[in-house]
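*Asks:* Model the following, please.
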Amino acid sequence: MKVGEIQGYPVLYIPEKDSIFCKNTVVKYPLIERIILSSQEKEEIPEKNLTIQKENNIVHLGCLTTSKSNLLAIKRQVYKFKNNK
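*Replies:* Numbers count the residues shown, from 1 in each chain. Presented below is the predicted three-dimensional model:
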């Protein structure tokens, strides 16, 4: 299910795995949600070779960049999907 876009790449939620997929990378949703909501400026997911850096309202997810508001909109879409099953 498409829950948003980042730099033209679709962001898909995979309910069977409770995961998010974007540009060849799948990450468990609870992990990415925790990282996005944390106050840490830099987080890493070593098993995915993914570094997430937050600067003000801009978030760098590896080679992709988006706004924090876009990530929160994606989070809201996942929340809606999970609560309307």
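
*Asks:* Restrict the least confident helix or strand in the chain by mean pLDDT to CA atoms and write it as CSV.
*Replies:* Within the chain, no helix or strand scores below helix 29-37, which has a mean of 91 by mean pLDDT, DSSP states H and E. Below are the C-alpha coordinates for helix 29-37, written out as CSV (Å, rounded to 0.1, in the frame of the first residue of the first chain):
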residue,chain,number,x,y,z
TYR,A,29,8.1,0.3,10.6
PRO,A,30,8.5,0.4,14.5
LEU,A,31,12.2,1.0,14.0
ILE,A,32,11.9,3.8,11.5
GLU,A,33,9.1,5.4,13.5
ARG,A,34,11.2,5.4,16.6
ILE,A,35,14.1,7.0,14.8
ILE,A,36,12.0,9.7,13.1
LEU,A,37,10.4,10.7,16.4
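
*Asks:* Can you tell me what sits against that helix?
*Replies:* Here helix 29-37 makes contact (Cβ atoms under 8 Å, 6 or more residues apart in numbering) with 13, 18-20, 43, 45, 52, 59, 68, 71-72, 75, 78. No exception for glycine: its C-beta is placed from N, CA and C like everyone else's.

*Asks:* now swap in stretch 41-59 and tell me
*Replies:* 25, 27, 31, 35-36, 40, 60-62, 65-69, 71.
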